[in-house]
Every structure is written in C-alpha cells, then in structure tokens.
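In: this is the structure alone, sequence omitted:
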C-alpha cells in the first residue's frame, strides 16, 4: 500500500463534461480558481477532451484563454493537465507531426504541465509523436492504457462462426495485454502511466490485479482513472489504493459520482482510515465545493443526473456509526479481496450520501455511458427510438468487424453511430452497412492505426474498397483554408498560430467561432456602435423560391453541412459524392441518386438540416 496518495482533480474538465455537457462558462470557472490555488492538488485536469470544442461551440469562448487564465490564477501549485488522443489530438483524423508539434508547444506555453496521451486503439505508434513533443517543450508525458473488455458472444454464436470458417477471437484484453502496452509506452519515454477506465467497467478485483502488476513491472508512477456509472468506481478506487497506486483521479463532491469519478471527500475518508497521506488542503476543497453547489444549480438545464448529494465536509461532519462501519467494512473487504462485500459497502456509502445508483443498463451493455447517450440522442433526432435495443445488440458485431477497437472517443462514437446506421438499414429493408460514415470507413481501412485484431480483408474491401490495411498518409494532409475576410476589414480568419491550430483541430466549429470573433472585433471598431452584434443573428432576406422540376437529393439524417462538393452547372454521375454531412460528430458522404446536371444547391456550408431537407436539385 502506498504511504502517500497523489490526487488529480477532474472537476473542471472530466467532471463537468461527464455531468454537465461541458457547459461551465469562464465566469463560473473563475469563481473557484482562488480556492484551487490553496487546495494543493497534485494536478488539475482543466483542458482537452470536449472542452476546446464546447467552449467555442456553445459558449463563444476561446479555449486557449481558458487554459491561460487558469494558469494565471493557480500558478505552479498544481500541474495543469489536458487529455489528447495521440495522433488524432482532439479531432477525428490523424494529424502530421507539424500539427502535433505546434499543438504541444502552444499548450505548454499556455500553462499545461501534463499531457495525458491515449490512443483509441491502444496503438502505441500513435502516441510516439506527442510523447516526443511534450517532453521536448518541458511537459510531463502521461500515457494512458485504455481499459476495455472483450464483447460477450454466446456459445451458439461461437459455434455458428466456427462453422462458417470465421471463428470468433479468444480473449484479447487480458492483464498481460494492458501491461505490455504500458511497457511499450514507458520505453518510448512516458513519465507516468494511467490505467484509463473511461467506461467505469473495471471491477475492483481486476484493478487490484492490474495495479499490482504495473507497480511490479514499471518504473514510473501509476495513475488510475475511472467513472461511477455502472457502480464499480468507488470500490475500484479503494482497491487501487490498497494495492499501491500512486495517483487517483477524483471529482469534488457536488460534481462527483454517477457519470463522473468518485468524490475526493470519500477518498479522503478512506485514506485517513488507512493511514495514507493525502496532501490536499481539504479546507480549500470545502470552499470550492460550496461554490460548485451554486454553479450546479446554474447548470440545471444540462445536469445529466439532477440529484444532489447531501452536504458533507469530512473535516467537520461526523459520520453516523453505521455509515462509519461501512467504510471500515469496505477497507477490510478490499484488503482480503472480497469484491462482493466491497461493492456492497461502497454502494451503501453512496446511497447514504444520495449519490446516483449504479446504472444497470450501462453495466449490462458494457459500453461507455457517453456512447449510450450519443446513440439515444442520434435516434431521437431520427425519430427512431424504437430501434435502440436493436442498435445496442449490434454493437459487438460492428465492433468485431472493425477490429475490436476499445470503446473510447472517438472509436466509441464511430462504432455506436455505425450500429445505429446498421439498425436503420435493417429497419428500411436494406443490408447492413448500406450507409457508413467516413470515419467508419477510415477505421476499417486502417487510417486510425492498427486494431487489436485484424480486420477481415473481405470486409475491408466491402467497406473501404481496399483489401490491405492502409495507414493514413500524413504527407497528403492539407491545411484548412484561411481566407481573408473582406467584410471584416481584410483580416485573416485565423490570425495567429493558436487560431490556425483551432481551425485544424475543429474545422467546422472553429470556423464559425473565429468568424464570430472577427465580426465582433470589426463591429467594435466601428464608430458609434455601443455593442457587438450577436454572432448567431444572420438576417436572411426572403426570396421567392422557384418550383422544383428536377430530381431532388435529400438529407438522410439531421446534421450540418461540412463540405459541398458539387456546384450549380456541374455534371454528376450516379452514386457520385456531392456533399459531406456532419451528424453526431461523424462525417457522412452523401451521394447522388441521379445522373445529370446540378440545377440548384439548397444549402450552404455550416447550415443545419433536418432529415428530408432538400440538398440538391438535379436536372436529369
């Protein structure tokens, strides 16, 4: 057992992302920063993940400014941490080294201390470049091994597959698999290793084995990251502590539990009883928590749980004898490896404090909670909630066909969206994989990296039109266009390297955000104008619409227009790609159902469409 436990606080990134859709404004963040300066956390995760996208998309704020303001307030008391997806960084495509270099350099210059680097396929080759650049610019490379489990297939399913000559794989994600990945990352220069359980699916007995193994075979510190959604989180954290983990990720009380990580206050109680030093100023934590209560009330519209834990300060509030005994029972169970007793005690503790109950649906589905909610949102948009059960059942099949990727962003979204597409195909009487996203094609093709098990070459040929695994060729990468905005005083849309990086990492979102910024700045410079105009207000003059006489291409699903590949007057062939539609963060190729000439384009880049909206008129 470790005699000292370091704490990485997730409240301002993963905590608010898990529970409140990453809607904390800079003003709300600023309320708690003076207390964070006194809290003395080892690290604070404040950036990466969905933060840069969300603050631009929903809050009209600059992500670089958020990182810089937190650094200015906290100083060197806690190391600021961000999460990045290896060669994909924050996006859904692999990037060349020049982009990774610029991103790491600017992140560290803006205050970042630790970059947590993971790859959705656990392909170690995909984290090499980020490790190199993070360390080159003075940062700490925290490499994460993504925990996942093998899909469950019945004996009947295994027999059928064997008879077809395509036997299902034996267990892939063993303890040895994860340790080998960690060793490879350590050899590349990782300064620490995180066991990243993004789905909260790791059971206490499993994390006990993995922490013990990692501590025995690795020379660098080991961190443990999990979530409480399926009900294993608190018990797994305690098991990790008992087995010598160096760092634990946690969230402050009013943002903790449920879809987020366990509460730091509960970790503190366990550490006091275990005699483990936890060098955190809990008085400052209590002040942060008091402010978080009001902030959570302000975020009610985005609250995924809408269930507040009862107030608790471990420094001042005495535990009832029965609850105190549950803590003791949990510790005793963790030490003797009694998982059932450990989970029973931890669930009793969480129930007493009114934390959310375990989500049995996520537990049984064995997928991340975020993946499930994304699928629900997609089906609601499509008015097809009745196929949710069918889509869920297709996940293991789709996942195996794609090479058994771990279910973490972005592969969880890619697999989940494709399972929905396949369920819709079947609903409409079409073969599975009639509709595939560009990202699913890229995953099967090999552009995201090497999958845990090989993709069947025949399936790859069907989906990606190539039989051999084809890595992404970064030499073909093309930077986003950076136009001069005549209407804003002839300024560049992206005026500096940080803005250029936003354009590269978040093309559609950053383009709209930067346009709003430039428009606002231009308007502010105009004489006698008291306020900037609102970016979202676009006055469109009503125009008389000519009747449609040609054939119409319609949007198959709701989304936003990412690229238009054909213009008025172009001759298009049947099945030619004419438009890319972004839906649920997936890029979907829209092809023409007709051969003819483009008579009219009904949409513009960035505009939103509903299922059935007109996209093109084709004169055949």
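Out: Arrived safely. Keep in mind that what you see is a predicted model, and the values were worked out from it rather than measured.
In: pretty sure residue 98 sits in a helix.
Out: Yes. With DSSP: H, G, I helix; E, B strand; the rest coil as the criterion, residue 98 is part of a helix.
In: can you pull the contacts of it?
Out: If you count contacts by Cβ atoms under 8 Å, 6 or more residues apart in numbering, residue 98 has none. Just so you know, the C-beta spots here come from the backbone N, C-alpha and C atoms, and that holds for glycine as well.
In: next one, pLDDT for it please.
Out: Residue 98 carries a pLDDT value of 94.
In: same deal with the one 5 residues further on?
Out: The pLDDT attached to residue 103 in the predicted structure is 96.
In: next, it: secondary structure please.
Out: helix.
In: residue 502 is in contact with that one, correct?
Out: No. Using Cβ atoms under 8 Å as the test, residue 103 is too far from residue 502 to be in contact (10.0 Å).
In: count the neighbours of residue 157 for me.
Out: 14 (other Cβ atoms under 10 Å).
In: please apply the same query to residue 606.
Out: Based on other Cβ under 10 Å, the number of other residues close to residue 606 is 14.
In: that one and residue 508: what is the separation?
Out: According to Cβ to Cβ, to the nearest Å, residue 606 stands 7 Å off from residue 508.
In: and for residue 343?
Out: Per Cβ to Cβ, residue 343 is found 43 Å from residue 508.
In: next: residue 323.
Out: From residue 323 to residue 508 the distance is 49 Å (Cβ to Cβ).
In: what's the answer for residue 345, then?
Out: Counting by Cβ to Cβ - residue 345 and residue 508 are separated by 47 Å.
In: please name the nearest non-neighbouring residue to residue 455.
Out: Counting by Cβ to Cβ, 6 or more residues apart in numbering, the nearest residue to residue 455 once its immediate chain neighbours are dropped is residue 403, at 4.6 Å.
In: secondary structure class for that neighbour?
Out: coil.
In: do residue 294 as well
Out: Applying three-state DSSP: residue 294 is helix.
In: and for the least confident helix or strand in the chain by mean pLDDT, what's in contact with it?
Out: Counting by mean pLDDT, DSSP states H and E, the chain has its least confident helix or strand at helix 155-163, which shows a mean of 72. For helix 155-163, contacts defined as Cβ under 8 Å, 6+ apart pick out 153, 167-168.
In: could you report the neighbour count for residue 385?
Out: 10.
In: let me know whether residue 500 touches residue 493 as I believe.
Out: No. Applying Cβ under 8 Å as the test, residue 500 and residue 493 come out as separate, 9.4 Å apart.
In: buried residues of the helix or strand containing residue 373, list them for me.
Out: Assigned by DSSP states H and E, residue 373 belongs to helix 369-381. By neighbour count with 16 or more other Cβ atoms under 10 Å, helix 369-381 contains the buried residues 369-372, 374-375, 378-379.
In: so how far is that helix off the chain centroid?
Out: 14 Å (Cα atoms, centre = their mean, to the nearest Å).
In: what's the answer for stretch 46-60, then?
Out: 11 Å.
In: can you check stretch 181-197 too?
Out: With Cα atoms, centre = their mean, you get 20 Å for stretch 181-197.
In: run through who's touching it.
Out: Against stretch 181-197 from outside (Cβ under 8 Å, 6+ apart): 114, 116, 118, 122, 124, 127-128, 131-132, 135, 140-147, 178, 202, 207, 210-211, 214, 217-227, 236, 246-247, 408.
In: now with 6 Å?
Out: Under the criterion Cβ atoms under 6 Å, 6 or more residues apart in numbering, residues 118, 122, 124, 128, 131, 135, 140-147, 210, 218, 220-226 lie in contact with stretch 181-197.
In: where in this protein is pLDDT low?
Out: 1-2, 91-92, 527-545, 584-585 (pLDDT under 70).
In: quick check: PyMOL command selecting the buried ones in the contacts of helix 155-163.
Out: Those of those that count as buried under 16+ other Cβ under 10 Å are selected in PyMOL with:
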select buried, resi 153+168
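In: for the contacts of helix 155-163, which one is nearest residue 359?
Out: For those, the minimum distance to residue 359 (Cβ to Cβ) is 23.3 Å, reached by residue 153.
In: so the residue nearest to the closest one when sequence neighbours are not counted versus residue 451, what's the distance?
Out: Excluding the flanking residues, the one nearest residue 153 by Cβ to Cβ, 6+ apart is residue 168, at 5.3 Å. In this view, residue 168 and residue 451 are 15 Å apart by Cβ to Cβ.
In: with residue 69 instead?
Out: Counting by Cβ to Cβ, the gap from residue 69 to residue 451 is 40 Å.
In: neighbour-wise, which of the two wins?
Out: residue 451 (21 against 18).
In: these two touch, right, the more buried one and residue 403?
Out: Yes. Counting by Cβ atoms under 6 Å, residue 451 sits close enough to residue 403 to count as a contact (2.5 Å).
In: out of the contacts of helix 155-163, who's nearest residue 427?
Out: The closest of those, once distances to residue 427 are taken by Cβ to Cβ, is residue 153, at 23.8 Å.
In: test my guess that the closest one contacts residue 170.
Out: No. Using Cβ under 6 Å, residue 153 is not in contact with residue 170, being 10.9 Å away.
In: start to end distance for stretch 85-103?
Out: 12 Å (Cα to Cα, to the nearest Å).
In: circling back to that earlier point, what about residue 345 and residue 508, which has more around it?
Out: Comparing residue 345 with residue 508 by other Cβ under 10 Å, the one with more neighbours is residue 345, at 24 against 19.
In: just the element for the more buried one, please.
Out: Here residue 345 is assigned to helix 339-352, by DSSP H and E.
In: mind giving me the packing neighbours of that helix?
Out: helix 204-217, helix 233-242, helix 321-336 (3 or more Cβ pairs under 6 Å, 6 or more residues apart in numbering; DSSP states H and E).
In: off-centre distance for the last one?
Out: Average the C-alpha atoms of helix 321-336, do the same for its chain, and the two points are 34 Å apart (Cα atoms, centre = their mean).
In: how many other residues sit next to residue 156?
Out: 8.
In: please apply the same query to residue 238.
Out: Neighbours of residue 238 (other Cβ under 10 Å): 29.
In: same question, residue 602
Out: 18.
In: so what's it closest to, chain neighbours aside?
Out: Residue 602's closest residue in space is residue 614 (Cβ to Cβ, 6+ apart), at 4.4 Å.
In: what about the one you found, how many residues nearby?
Out: Residue 614 - counted by other Cβ under 10 Å - has 16 other residues nearby.
In: thought it was touching residue 552?
Out: Yes. Counting by Cβ under 6 Å, residue 614 does reach residue 552; the two are 5.3 Å apart.
In: quick check: which element contains the spatially most central residue of the chain?
Out: The chain has residue 409 as the residue nearest its centroid, 4.5 Å off, counting by Cα atoms, centre = their mean. In the assignment (DSSP H and E), residue 409 maps to no helix and no strand.
In: so how far is residue 119 from it?
Out: For residue 409, the distance to residue 119 - Cβ to Cβ - is 11 Å.
In: now the nearest residue to residue 489 once chain neighbours are set aside, what's its secondary structure?
Out: When the adjacent residues along the chain are set aside, residue 489 lies closest to residue 522, with 5.3 Å between them (Cβ to Cβ, 6+ apart). With three-state DSSP as the basis, residue 522 sits in helix.
In: thought residue 522 was touching residue 487?
Out: No. Under the criterion of Cβ under 6 Å, residue 522 is not in contact with residue 487, lying 7.7 Å apart.
In: out of these two, which sits in the more crowded spot?
Out: Using other Cβ under 10 Å as the criterion, residue 522 and residue 487 rank with residue 522 on top: 17 against 10.
In: what segments of the stretch 501-620 of the chain are strands?
Out: Listed in chain order, the strands found in the stretch 501-620 of the chain under DSSP state E, counting those that start in this stretch are 551-554, 559-564, 571-572, 577-583, 586-591, 596-601, 608-609, 614-619.
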